[in-house]
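[1] heads up, no residue letters with this:
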């Protein structure tokens, strides 16, 4: 068993309204950052997981996303990276 | 001017209490994922920025983080990636 650090991105599904992203874009425009065309806001999770291999840690993280971390109706997730911790 | 997609991670500063991460870890344990030693929860932002170059887009995103997106007292940010959009 080794410990792996798994990074996960959970973002609003494309086509679904992202009010937080809209608020961020509006606030950036109000501050003068007119070059920002769009902003989307999701969650960045970092889990320290004990597993036999990086692949096992990734599989475990996917199960956690399916069961708890991501809302399958409104959100997409991706495993952004796995490194030995 | 081209459009660049800048990904930003904003995470609670190390040593600062992360109640959302604690709640996620506790919930995962309650669901039987005892292999999770720690969880940290931050924000994952994706900005579409018009800029002359990828470096300019990165610099612009850093300024946005300093001025609005990240709380300098409690959070660290990093520019996770810049790609042509």
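    Yes, it's here. Predicted, not measured: the structure shown is a model, and the values here were computed from it.

[2] mind naming the longest strand for chain A?
    Secondary structure of chain A per DSSP state E: the longest strand is strand A:36-51.

[3] show the subsequent helix or strand relative to it.
    Toward the C-terminus, strand A:36-51 is succeeded by helix A:54-64 as the next helix or strand (DSSP states H and E).

[4] is chain B within reach of the host helix or strand of residue A:20?
    If you go by DSSP H and E, residue A:20 is part of helix A:19-30. Yes - using C-beta under 8 Å from any C-beta of the partner chain, we find that helix A:19-30 touches chain B at A:24, A:27, A:28. In short, each C-beta sits where N, CA and C put it, glycine included.

[5] for the residues you listed, which one is nearest residue B:44?
    When those are compared for distance to residue B:44 (C-beta to C-beta), residue A:24 wins out at 12.0 Å.

[6] quick one: contacts for residue A:57?
    A:4, A:6, A:49, A:51, A:82 (C-beta atoms under 8 Å, 6 or more residues apart in numbering or on different chains).

[7] what's across from the second one in the sheet?
    Using DSSP bridges, the bridge partners assigned to residue A:6 are residue A:47, residue A:82.

[8] and it, what does it touch?
    Taking C-beta under 8 Å, 6+ apart, one finds A:46, A:47, A:48, A:49, A:57, A:58, A:61, A:79, A:81, A:82 in contact with residue A:6.

[9] quick check: the gap between residue A:58 and chain B.
    13 Å (C-beta to the nearest C-beta, to the nearest Å).

[10] many thanks, we can stop here.
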